[in-house]
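K.L.:
structure of the sequence below:
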Amino acid sequence: MEELIFGWGLEGYGAEFFRITENEKVRFIMRYSSMSMDENDDEIWRHGEIEYKTFEDYWNEFVSQEHWLHYHPVFVHPDYKQFIREYLTNIPQDSLTKGELLKLVYWFEEIVNEN
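P.N.:
The predicted structure is shown next:
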C-alpha cells in the first residue's frame, strides 16, 4: 500500500513523500520533478526518487534547505501533522524575515491546522 505523507511545490519544482508498506515492510520514498530551460528556452523536466529510512530523516533534509518555508505545502498526512506542528512551533520567530513569518502563518493556517 502506498500512502502520500507530504507534498509540496514551487514553480518549476515539487515533491511528494510516500510511505509504502509491502509484505509488512515499510519504506519511505520521495518522488520529485524539476524543470529547467535549455539554450532554446525549451523546458526540460527531470524526475526521480530517493529512498529514506524514516520521515524524520526526510524532514531534517527538507528543512535544512535555506528557503524551505517558501515552498508551498499542498498536503500533510494526518499521522504527521503533530510532528510538523511541533517543529514549526519551535522555530525561533525572531530569526525569521517578514516574508518567512508570513509563510510560517500560511503553513499553520492552510496545512497543519486543517481538519
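K.L.:
element containing residue 30?
P.N.:
For residue 30, the host element (DSSP states H and E) is strand 25-37.
K.L.:
mind checking the SS state of residue 40?
P.N.:
coil (DSSP: H, G, I helix; E, B strand; the rest coil).
K.L.:
next, give phi and psi for it.
P.N.:
When read as degrees, to the nearest 10, the backbone of residue 40 gives phi -100, psi 10.
K.L.:
go ahead and name everything in contact with the one helix or strand residue 73 maps to.
P.N.:
Assigned by DSSP H and E, residue 73 belongs to strand 72-76. Contacts to strand 72-76, defined as CB atoms under 8 Å, 6 or more residues apart in numbering, come from residues 4-10, 16, 84, 107, 110-112. (Glycine included, C-beta is placed from N, CA and C.)
K.L.:
test my guess that residue 36 contacts residue 44.
P.N.:
Yes - using CB atoms under 8 Å, residue 36 is in contact with residue 44, at 5.2 Å.
K.L.:
one step back: can you list the buried residues in the strand holding residue 73?
P.N.:
Judged by neighbour count using 16 or more other CB atoms under 10 Å, the buried positions of strand 72-76 are 73, 76.
K.L.:
chain center to that strand, what's the gap?
P.N.:
7 Å (CA atoms, centre = their mean, to the nearest Å).
K.L.:
these two touch, right, residue 26 and residue 19?
P.N.:
Yes - look at residue 26 against residue 19 with CB under 8 Å: they come within range, at 6.3 Å.
K.L.:
between these two, which one's more packed in?
P.N.:
For residue 26 and residue 19, the more surrounded residue by other CB atoms under 10 Å is residue 19, and the numbers stand at 19 against 11.
K.L.:
got a list of what that one touches?
P.N.:
Applying CB under 8 Å, 6+ apart, we find residue 19 in contact with 2-3, 5, 26-28, 55, 77.
K.L.:
at 10 Å instead, please
P.N.:
1-6, 26-29, 54-55, 77, 79-80 (CB atoms under 10 Å, 6 or more residues apart in numbering).
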